[in-house]
Each structure stands twice: as structure tokens, then as C-alpha cells.
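1. below is the sequence, then the predicted model.
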Amino acid sequence: MKPRITLKKIANEFGVSISTVSKALKDSHEISEETREKIKAFAGFYNYKPNSLALQLRNQKTSVIGVIIPEIVHHFFSTVINGIETYANEKGYNVMVCLSNESYDKEVSNISVLTNGSVDGLIVSLARETQQNQNFKHFEALIKDDFPLVLFDRVKDDLACDKVIIDDVGGAYKAANHLVEIGKRRIALLTTQDYITVGSLRKEGYLKSLVKNDIGIDESLIYKIDDKQDLYEQIKKVIFVKNPPDAILAVNEIYAANALKIAKERGLTIPNDIAIIGFTSGLISEFTSPPLTSVVQHGFLMGKQTAELLINRIEHTASKEYQKEVISPNLKIRQSTLIK
């Protein structure tokens, strides 16, 4: 007996999208005659029969939107989900959330499951491995199939879809300027590896501030954290040195909170000996001792705008002009930078 064949298997065989296979089987003149004939012959050999239930699911409106995020522990992502749910529920949609756990394979698997009739559209923040591998074929396939898609926070500019981001460059620029204004000159940056877009952009804002304030760029003060290694030990090497920095700008609140703890262990006073700022004004930043000055990312607003773009895309499929919304962050000044 010949194995059961599906549109996806035929698409994989010829290296084309599912949409291309579907059009070829319907004898669409959008597809070249040669490709049409090859696909029809292959489908005929394996006695392909359309899955009527799958077709029904694919063509039926579910009033559910899917969300894929890298992790749930960060305050930022939880507030984004809150914003998405608030707007979606107001418009009569439910929300289904999946985690990629920073894995490319998990991200691909989640997309495959969600887009098989379960949801009307997708909201995604890219996994770390996806950005590291620079492999976006699963998103390109969605775009070819005209599947409604919005990327947020971690995005890929080349992908033709709607996007919502914060002004990462501007946020880091404001934070570094604040540190200069309180008298700090040896400002260290705790950032991600360069392939993480938000870390790279925040580094750009930090460097822009140093240039503007006539502070020489010291590469030895730029620390790229490897999240696969011990975070505490990496940050300890920044502070337990003969001449530690007099300020730290961290690209997230986890890095900032660890820096605060380690600085206190070394006996440094905060903010006089060392001032610290992190991105994301969550509960961690609010309840550290002293509380951390933070770059506020407005996750709830980002979630609402992301859901609005997606639902507009779902309900107005004819529109092809993609939008990129940029949210301006602001500083929440707390005791970690208040010089007395």
C-alpha cells in the first residue's frame, strides 16, 4: 500500500509552499505548466485525496489568535500577553499562547500545530536560536500562504509582515545619558550576543550616547553575556576587578538585578560607587534593594497594538501595506541612580 500523501508532503517533495501545491492541483495559471504537471503527476501516483476536514478547518474562522513567545518568566512578555488578551477579547477573539523556549525547532513545531486550523493568525517574538541560525523559512512559508502574521519585540526586518517594536536605540540612549548626567563616565554595558536584535540595538543607543557626551568608547566595558553559561559568574567578572565601572547599563532586568546583588557583595554603595539601570520595569526592578531605575518598555501597550494589527489583517485580508509600529520607551527613575 502506498503511504498517505498530504499537501505538506507534496510541498516538501518539490520545495514549494502548500499554497503553490494547492494552486497547481486546481490547475491555476499562476503556477508554471511544468510545475503544475509535475505536482499533479506526483499527487496522482500517490492517489492524493483532499482532506475535507482539514479544508473545513483551514477555511473556517476560529476567532482564536496564536501567540508564540520565547519565555514566560520575564515581566515584559507577561505584560505583552495581557495587552494582547485585553484587545483580542474586546474584539471577540480568544488567545492561545505557546512557548518556543528559545528553540528554533520548538518555534517551527508550534507554528505547524497552530496554523493547522487552530487559529486565524499568529503573533510571534523570535526565538534566540532562530535569530542565531538566521533561518526564517517557516515564516516565509506563512507569508507566501498569506497567513496573518505579526512579529513583535524581536523581529526580522526583511520579512514582509506587520511588526511592533520599541525604540531600543532611543531607550538605551536615554538611559546612558541619564548616567552621564549624574556624573558617571566609566559606564559598562551588559548586553546579549549580537545576533539578538534587541541587544544589538540597545548597544547602538549606548554607543551613540557615549559619542554625544565625548566619552571614549572602551570595548573592555562592553560585556556580551552568554546565556548558556553561568550568568552570576559572568557578571561577577565585570564588578570584581581592580577598577570597576562607576555605572552599568543592562539590557534586561535580570542582568541588572544580578549586577546589583554582586555590587553589594563587593561592598560598593549604590548609586554613589556604581549606578545601575536595566530594561523592563517589572516586579524585580521595583522590589530590589535599592529599587532599580529602568527603561519602561510599555509591554501592555505593545500587546494591544500587536493584537490590533493582527485582527485588522485577519478581517481585512485585501490590505497588503504592512505596518511597523514603534513605541517610545521612557525612564522610571528609582534609587539605583539617585545620587544624594
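-> Yep, that arrived.
2. residue ranges with poor pLDDT in this protein?
-> Along the chain, the model assigns pLDDT under 70 to residues 1-4, 50-60, 317-319.
3. domains for it, by residue range?
-> 7-50, 61-165+299-327, 168-297+331-337 (automatic domain parsing).
4. and residue 23, how many neighbours does it have?
-> 18 (other Cβ atoms under 10 Å). To be clear about C-beta, it is placed using only N, CA and C from the backbone, and glycine gets the same treatment.
5. ok, the one 3 residues further on next?
-> Taking other Cβ under 10 Å as the criterion, the count of residues near residue 26 is 11.
6. could I get the contacting residues of it?
-> With contact set as Cβ atoms under 8 Å, 6 or more residues apart in numbering, residue 26 has no partners.
7. how much space between it and residue 145?
-> The spacing between residue 26 and residue 145, counted by Cβ to Cβ, to the nearest Å, is 15 Å.
8. likewise residue 173?
-> 39 Å.
9. what do you get for residue 166?
-> 29 Å.
10. between the two, which one's more packed in?
-> For the pair residue 166 and residue 145, the greater number of neighbours falls to residue 166 (25 against 15), based on other Cβ under 10 Å.
11. who does the more buried one bridge with?
-> Beta bridges link residue 166 to residue 327, judged by DSSP bridges.
12. isn't it up against residue 297?
-> Yes. Counting by Cβ atoms under 8 Å, residue 166 touches residue 297, with 5.2 Å between them.
13. quickly list what's touching both of these two.
-> Taking Cβ under 8 Å, 6+ apart as the contact rule, residue 166 and residue 297 both touch 327, 329.
14. isn't residue 251 up against residue 200?
-> No. Between residue 251 and residue 200 there is no contact under Cβ under 8 Å: 9.5 Å.
15. which outside residues touch the helix or strand where residue 163 lies?
-> According to DSSP states H and E, residue 163 maps onto strand 162-166. The list of residues contacting strand 162-166 from outside it, by Cβ under 8 Å, 6+ apart, reads 149-153, 155, 157, 297-298, 302, 305-306, 309-310, 313, 322-329.
16. so which of these belong to helices?
-> With DSSP state H as the criterion, helices contain 302, 305-306, 309-310, 313 from among the contacts of strand 162-166.
17. which one of these is nearest to residue 80?
-> Nearest to residue 80 out of these is residue 302 (Cβ to Cβ; 5.4 Å).
18. who touches the closest one in this structure?
-> Applying Cβ under 8 Å, 6+ apart to residue 302 gives the contacts 80, 83, 152-153, 164, 166, 327.
19. now do 6 Å
-> Contacts of residue 302 were listed using Cβ atoms under 6 Å, 6 or more residues apart in numbering, and they are 80, 164, 327.
20. could you turn the buried ones of the residues you listed into a PyMOL selection?
-> Selecting just the buried residues from the contacts of residue 302 in PyMOL takes one command, with 16 or more other Cβ atoms under 10 Å as the test:
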select buried, resi 80+164+327
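21. what subset of the contacts of strand 162-166 is buried?
-> The neighbour count (16+ other Cβ under 10 Å) marks 149-153, 155, 297-298, 302, 305-306, 309-310, 313, 325, 327, 329 as buried among the contacts of strand 162-166.
22. let me see the ranges of the strands in the stretch 151-300 of the chain.
-> 162-166, 187-191, 222-224, 247-250, 275-279, 293-296 (DSSP state E, counting those that start in this stretch).
23. so which of those strands gets nearest residue 40?
-> strand 162-166 (35.0 Å).
24. how far does that closest one sit from its chain's centre?
-> 9 Å (Cα atoms, centre = their mean, to the nearest Å).
25. send the alpha carbons of that strand over as CSV?
-> C-alpha atoms of strand 162-166 as CSV (Å, rounded to 0.1, in the frame of the first residue of the first chain):
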residue,chain,number,x,y,z
ASP,A,162,3.4,43.7,10.3
LYS,A,163,5.7,44.4,13.2
VAL,A,164,5.6,46.2,16.6
ILE,A,165,8.8,47.2,18.4
ILE,A,166,10.0,49.6,20.9
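26. what angle do that strand and strand 275-279 make?
-> Per axes from the mean of the first three to the mean of the last three Cα atoms, to 10 degrees, the angle that strand 162-166 makes with strand 275-279 is 170 degrees.
27. which stretches of the protein form helices?
-> Using DSSP H, helices in the chain cover 7-14, 18-25, 33-45, 52-59, 75-90, 104-114, 128-133, 137-144, 168-181, 197-212, 231-239, 253-265, 283-287, 299-315.
28. for residue 189, which of those is the nearest?
-> So among the helices of the chain, helix 197-212 is nearest, using Cβ to Cβ, at 5.0 Å.
29. what residues does the closest one touch?
-> Outside helix 197-212, the residues that touch it by Cβ under 6 Å, 6+ apart are 154, 168-169, 172-173, 176-177, 189, 191-192, 194, 217, 249, 251.
30. gap between that helix and the chain center?
-> On Cα atoms, centre = their mean, the centre of helix 197-212 falls 18 Å from the chain's centre.
31. buried residues in it, which are they?
-> For helix 197-212, burial by neighbour count (16+ other Cβ under 10 Å) applies to 197-203, 205-210.
32. hmm, residue 196 and residue 224 touching each other?
-> No. Contact between residue 224 and residue 196 fails when scored by Cβ atoms under 6 Å: they sit 9.6 Å apart.
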